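Colleague: Sequence and predicted structure below; questions after.
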Amino acid sequence: MKIKYSIVKPKIKINGLNIKKDFVIIAGPCSIESYEQLEKTAKVLVKNNIKIIRASAYKPRTNPYSFQGLEEKGLEMLNKIGKKYDLATESEITDSRQVKRASELIDVLRVGARNMQNYELLKELSKVKNPIILKNGFGANIEEFLGSVEYLLANGKENIILCYRGIRTFENSTRFTFDPLMIKILKEKTNLPVIADPSHASGRNDLVLPLSKAAIVCGTDGLIVETHPNPKKALSDNEQQIPLNEFPKFVKEINDFVRFEKQK
Ligand code: PEP
Ligand code: MN
């Protein structure tokens with residue numbers, strides 16, 4: 001049997017960006033909390049030439065009493081914001097029953113770390129046209145990650161973006177352990193675009209910039225980053241979200257760094 005993940009070379013275009021050719025920054029809050037929160041974020045993203053907004057409506061939280069997300073209502077808000085501000089939208093899908101409606105409302109569907117091995121979800125996602133961002137499970141090795149990629153490919157889905165977000169190790173001084181070399185390894189083994197998530201990996205907004213730079217040095221095709229108008233009041237992941245007023249500086253530093261790396 002032929003393994004497809006080493007062969008396929010999808011051309012993925014999202015809101016004018018040629019993924020892999022153009023460096024992509026996907027940014028936005030961890031969770032959708034309100035229309036106003038999304039609107040404040042969208043305005044800053046547009047000003048900084050960001051083309052894709054992330055925000056989750058289904059939240060796989062460790063604690064069942066924590067905020068669980070605004071679900072379909074949240075996706076509808078994100079859809080409105082995307083249309084109003086000409087932003088492509090990106091959001092997490094946690095269950096195969098959400099796929100059909102989410103595929104109508106949202107441009108890019110994300111499989112989170114906790115669902116990397118939810119094979120029924122992967123099969124269902126293979127039926128829709130939307131590009132998929134597949135994150136590595138934090139307890140999975142690269143072979144297992146590529147097994148999940150193959151599930152999508154085997155079911156006819158090719159417009160896949162891989163996202164490395166670090167893994168669980170015995171080290172707990174950062175939220176997860178992020179090995180930037182995994183970006184190189186994934187790019188050696190596949191021709192798929194590979195992006196990095198420095199927010200969930202580090203768990204601290206002051207560590208997002210240095211980790212992003214490490215990922216860029218290792219050839220990442222882009223970043224997915226959390227930013228929030230008021231991180232202290234955020235309903236999830238408040239320590240890792242970049243305050244929205246600091247986001248323009250972050251984008252400038254990233255763009256300068258990407259330019260510098262390309263010149264070498
Ligand atoms: C997220 O990107 O919103 C998220 C929950 O990340 P992960 O699935 O990598 O933990
Ligand atoms: Mn988050």
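Modeller: Looks like it arrived, so ask away. Ligands and ions are numbered 1, 2, ... in the order given.
Colleague: element containing the spatially most central residue of the chain, please.
Modeller: Residue closest to the average C-alpha location in the chain (CA atoms, centre = their mean): residue 224, at 4.5 Å. According to DSSP states H and E, residue 224 maps onto strand 222-228.
Colleague: Strands along this structure, start to end?
Modeller: Ranges of strands within the chain are 13-14, 17-18, 24-28, 52-54, 88-92, 108-111, 132-135, 160-164, 194-196, 222-228, 242-243, based on DSSP state E.
Colleague: Using TSV, lay out these together with distance to residue 81.
Modeller: C-beta here means a position set from N, CA and C on the backbone, and glycine is covered the same way. Listed next are the strands of the chain as TSV, based on distance: least, CB to CB, whole Å:
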stretch	distance to residue 81
strand 13-14	16
strand 17-18	18
strand 24-28	9
strand 52-54	7
strand 88-92	7
strand 108-111	14
strand 132-135	19
strand 160-164	21
strand 194-196	22
strand 222-228	14
strand 242-243	19
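Colleague: Figure out which of these is closest to residue 212.
Modeller: Closest to residue 212 of the strands of the chain is strand 222-228 (CB to CB; 5.4 Å).
Colleague: which residues make contact with the closest one from outside it?
Modeller: Strand 222-228 has contacts (CB atoms under 8 Å, 6 or more residues apart in numbering) with 19, 23-30, 37, 41, 44, 54, 90, 133, 163, 193, 195-200, 208, 212, 215, 234, 237-238, 240-244, 247, 250, 254.
Colleague: what are the pairing partners of that strand, and which direction each?
Modeller: Counting by DSSP bridges, the strands paired with strand 222-228 are strand 24-28 (parallel), strand 194-196 (parallel), strand 242-243 (parallel).
Colleague: Any part of the last one near ligand 2?
Modeller: No - for strand 242-243, no contact with ligand 2 is found by CB under 5 Å from the ion; the gap never falls below 12.0 Å.
Colleague: How far off centre is that strand?
Modeller: Distance, stretch centre to chain centre, for strand 242-243: 17 Å (CA atoms, centre = their mean, to the nearest Å).
Colleague: ok, residues contacting it?
Modeller: 199, 205, 208, 225, 226, 227, 228, 229, 230, 231, 250.
Colleague: With the second one instead?
Modeller: Applying CB under 8 Å, 6+ apart, the contact partners of strand 194-196 are 24, 26, 133, 161-165, 178, 180, 183, 186-187, 211-212, 215, 219-224.
Colleague: Please point out which parts of that strand sit buried.
Modeller: In terms of neighbour count (16 or more other CB atoms under 10 Å), strand 194-196 has its buried residues at 194, 195, 196.
Colleague: Which residues of the stretch 151-264 of the chain lie near ligand 1?
Modeller: Applying CB under 6 Å from any ligand atom, we find that the stretch 151-264 of the chain lies next to ligand 1 at 165, 197, 200.
Colleague: what's the burial count for residue 44?
Modeller: Residue 44 sits with 18 neighbouring residues when counted by other CB atoms under 10 Å.
Colleague: so how far is residue 12 from it?
Modeller: Note on residue 44: its distance to residue 12, by CB to CB, to the nearest Å, is 25 Å.
Colleague: So what pairs up with residue 167 in the strands?
Modeller: Listed beta-bridge partners, residue 167: residue 177 (assigned using DSSP bridges).
Colleague: That one reaches residue 174, doesn't it?
Modeller: No - counting by CB atoms under 8 Å, residue 167 does not reach residue 174; the two are 11.4 Å apart.
Colleague: In terms of neighbours, single out the busier of these two.
Modeller: Neighbour count, other CB under 10 Å: between residue 167 and residue 174, residue 167 has more, with 20 against 15.
Colleague: Would you mind measuring from that one to residue 101?
Modeller: 32 Å.
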